[in-house]
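Peer 1: how would this look folded up:
(4 chains)
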Number of protein chains: 2
Amino acid sequence: MTTNQPDIRQQIVEAAEQRFRHYGYRKTTMAEIAGDLGMSAANLYRYFSNKEDIGAACVECCFKEMELILREVVEKQGLSAEQKLRQFTLTNLDYIYNEAINNPKINELNEMFINERAELLHKKKQVIQSLIAEILAEGNRTGEFRVDDLLKTSESIAAATVAFRFPLFMTLFSKEKFEQLANDVIGLLIQGLARRD
Amino acid sequence: MTTNQPDIRQQIVEAAEQRFRHYGYRKTTMAEIAGDLGMSAANLYRYFSNKEDIGAACVECCFKEMELILREVVEKQGLSAEQKLRQFTLTNLDYIYNEAINNPKINELNEMFINERAELLHKKKQVIQSLIAEILAEGNRTGEFRVDDLLKTSESIAAATVAFRFPLFMTLFSKEKFEQLANDVIGLLIQGLARRD
DNA sequence: ATAATGAATATTCAATAGAATATTCATTAT
DNA sequence: ATAATGAATATTCTATTGAATATTCATTAT
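Peer 2: Residues are numbered from 1 along each chain as shown, chains lettered A, B, ... in the order given. Modelled structure (predicted):
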């Protein structure tokens, strides 16, 4: 890996993703990925230092797609901060749920790399957290919320909603039940338990 | 498996747990478990229908131990409901964290069976939830909380604190950081985000 | 120079066979 | 009867080895 042409790197990731989606990570060979792009397997090593790194790049790429969709929610006009927080969580849940069903191979790839590479889990967490922070900041601006420590609070919300972002828990309930639960958790985070008089 | 002498069943589970703790589930043989109790391997099948069921019984047994410790917190005198909710979550986190470090083999056993047997995950969830419900009910009695739907709310709190009960996430932070985070999440659940005037 | 390759080497995968272990069962002991 | 066993059978691990694949590198192309 001596070069850095982002264009070719991106092409490689896309070709690999297609293969991974259909046949899975293990059943896909470097030769196949290279073949799809009309190059030799050896040449892939000019752009990635090994197959694992291509896998990890795919995982990041998949996550970026989800990030785009979530960002749309954050930037949507005409929603209150509370509505955004709800929709953010539900959109996230929906995406994970559908991905797990429609793209099991990609889902497996994701789980594989997230269990190995802590930095991926961390990066994901950071992005989610900063999107939540944006929603909170807006809530503060509109007077809906009164959050003093944005960073701390967004981290807490990210932690409290982690169940809705992890396939592992998806087996516990139906999607509808899960959506209900997500809604309830958001409600609690917004209103709290404490008595108000 | 034709008999039901709980005494011998319990002895088997305990002998198995010792073996599993030292050598792991796979490296432990039925003959060894039986040998430790001075019986033949064949005789184990009078009490359990197979090795997996012994493993599952161990997992349940481990969980019951944790349940006892958590129940102590719930029943402790002189703590407010809020304090109990905090201590409950922190005790839980602590227990999982230490278990993961001090008994990796048992931890592995737990993860193994929880990924396979949904009913174990479900049972665990139920117990946690009902303990939380007890805390909430007390909060209602003392006027600290005003929770109308105990079941729904305890389910929400269980979901919101799941990160502090799963070894997977333990890699993300140090124990101290995690405790801080747990504290913050509980704070949010109690106070909520919404502006109060 | 950078980009790419084919051939050489290192590593991983898959099939197999033999050993170890789980499970069953006919029989014995209490 | 229930409890337990040893021996028989079924299943699951564990090496092993050849094949497939990943990775390196010396060389060629641009």
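Peer 1: which stretches of chain A form helices?
Peer 2: Remark: helices assigned in chain A by DSSP state H are A:6-23, A:30-36, A:41-44, A:51-75, A:81-102, A:104-116, A:118-142, A:150-160, A:167-170, A:175-191.
Peer 1: figure out which of these is closest to DNA strand C.
Peer 2: Closest of the helices of chain A to DNA strand C is helix A:41-44, at 2.8 Å (criterion: Cβ to the nearest atom of the strand). Glycine gets a C-beta too; all of them are placed from N, C-alpha and C.
Peer 1: picking up where we left off before, okay, the helices of chain A, which one's buried deepest?
Peer 2: Mean neighbour count (mean count of other Cβ atoms under 10 Å in any protein chain shown) peaks for helix A:150-160 among these, with a mean of 22.
Peer 1: what does that one rub up against?
Peer 2: With Cβ atoms under 8 Å, 6 or more residues apart in numbering or on different chains as the test, helix A:150-160 has contacts from A:85, A:125, A:128-130, A:132-133, A:136-137, A:140, A:147, A:185, A:189, B:160-161, B:163, B:181, B:184-185, B:187-189, B:193.
Peer 1: of the helices of chain A, which approaches B:Asn50 most closely?
Peer 2: Among the helices of chain A, helix A:167-170 comes nearest to B:Asn50, with 25.4 Å by Cβ to Cβ.
Peer 1: which elements pack onto that closest one?
Peer 2: helix A:81-102 (3 or more Cβ pairs under 8 Å, 6 or more residues apart in numbering or on different chains; DSSP states H and E).
Peer 1: check the offset of the helix it packs on from the chain's centre.
Peer 2: Distance, stretch centre to chain centre, for helix A:81-102: 10 Å (Cα atoms, centre = their mean, to the nearest Å).
Peer 1: next, the angle from it to helix A:150-160.
Peer 2: Computed by axes from the mean of the first three to the mean of the last three Cα atoms, to 10 degrees, the angle separating helix A:81-102 from helix A:150-160 equals 40 degrees.
Peer 1: nearest spatial neighbour of A:Arg86, skipping sequence neighbours?
Peer 2: Nearest non-adjacent residue to A:Arg86, counting by Cβ to Cβ, 6 or more residues apart in numbering or on different chains: A:Ile186, 5.0 Å away.
Peer 1: low-scoring stretches of chain A, by residue?
Peer 2: Residue ranges of chain A with pLDDT under 70: A:1-5, A:193-197.
Peer 1: could you break it into its assigned domains?
Peer 2: A:1-49, A:56-191 (automatic domain parsing).
Peer 1: does the longest one reach DNA strand D?
Peer 2: It stands for domain A:56-191. No. Legend: contact between domain A:56-191 and DNA strand D by Cβ under 7 Å from any atom of the strand is lacking; minimum distance shown is 12.0 Å.
Peer 1: including distance to B:Asn115, could the domains of chain A go into JSON lines?
Peer 2: JSON lines is the format used below for the domains of chain A (distance: least, Cβ to Cβ, whole Å):
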{"stretch": "domain A:1-49", "distance to B:Asn115": "19"}
{"stretch": "domain A:56-191", "distance to B:Asn115": "8"}
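Peer 1: can you pull the contacts of the residue nearest the centre of chain A?
Peer 2: By Cα atoms, centre = their mean, chain A has its centre lying nearest to A:Phe63, at 4.2 Å. For A:Phe63, the contacting residues are A:120, A:123-124, A:127, by Cβ under 8 Å, 6+ apart.
Peer 1: now swap in A:Arg165 and tell me
Peer 2: With Cβ under 8 Å, 6+ apart, A:Arg165 has these contacts: A:92-93, A:96, A:128.
Peer 1: separation between the residue of chain A found nearest chain B and B:Gly139?
Peer 2: Closest residue of chain A to chain B, Cβ to the nearest Cβ: A:Gly192 (2.6 Å). Distance of A:Gly192 to B:Gly139, computed by Cβ to Cβ, to the nearest Å: 12 Å.
Peer 1: so who does A:Leu188 touch?
Peer 2: B:153, B:156-157, B:160, B:189, B:192.
Peer 1: between these, which is nearest B:Val74?
Peer 2: Once Cβ to Cβ is applied, the member of the contacts of A:Leu188 that ends up nearest B:Val74 is B:Ile157, at 13.2 Å.
Peer 1: what's the closest of the contacts of A:Leu188 to DNA strand D?
Peer 2: So of the contacts of A:Leu188, ranked by how close each gets to DNA strand D (Cβ to the nearest atom of the strand), first place is B:Ala160, at 37.0 Å.
Peer 1: ends of stretch A:138-153, what's the gap?
Peer 2: Chord length of stretch A:138-153, first to last residue, is 14 Å (Cα to Cα, to the nearest Å).
Peer 1: could you give the separation of that stretch from the chain centroid?
Peer 2: 23 Å.
Peer 1: again, but for stretch A:138-156
Peer 2: Offset of stretch A:138-156 from its chain centre (Cα atoms, centre = their mean): 22 Å.
Peer 1: can you check stretch A:113-122 too?
Peer 2: 12 Å.
Peer 1: same thing with stretch A:163-170?
Peer 2: The answer for stretch A:163-170 is 12 Å, by Cα atoms, centre = their mean.
Peer 1: same thing with stretch A:125-143?
Peer 2: Centroid separation for stretch A:125-143 versus its chain: 16 Å, with Cα atoms, centre = their mean.
Peer 1: with stretch A:74-90 instead?
Peer 2: 17 Å.
Peer 1: stretch A:163-171 too?
Peer 2: Taking the mean of its C-alpha atoms, stretch A:163-171 sits 13 Å from the chain's own mean (Cα atoms, centre = their mean).
Peer 1: tell me how far the ends of that stretch are from each other?
Peer 2: Stretch A:163-171 has an end-to-end distance of 11 Å (Cα to Cα).
Peer 1: follow-up on the earlier one: distance of the residue nearest to the centre of chain A from A:Ser174?
Peer 2: In terms of Cβ to Cβ, A:Phe63 sits 25 Å off from A:Ser174.
Peer 1: now swap in A:Leu68 and tell me
Peer 2: 27 Å.
Peer 1: interface residues of chain A facing chain B?
Peer 2: A:115, A:118, A:121-122, A:125, A:136, A:139, A:143-147, A:152-153, A:155-157, A:159-163, A:168-169, A:171-172, A:181, A:184-185, A:187-196 (Cβ under 8 Å from any Cβ of the partner chain).
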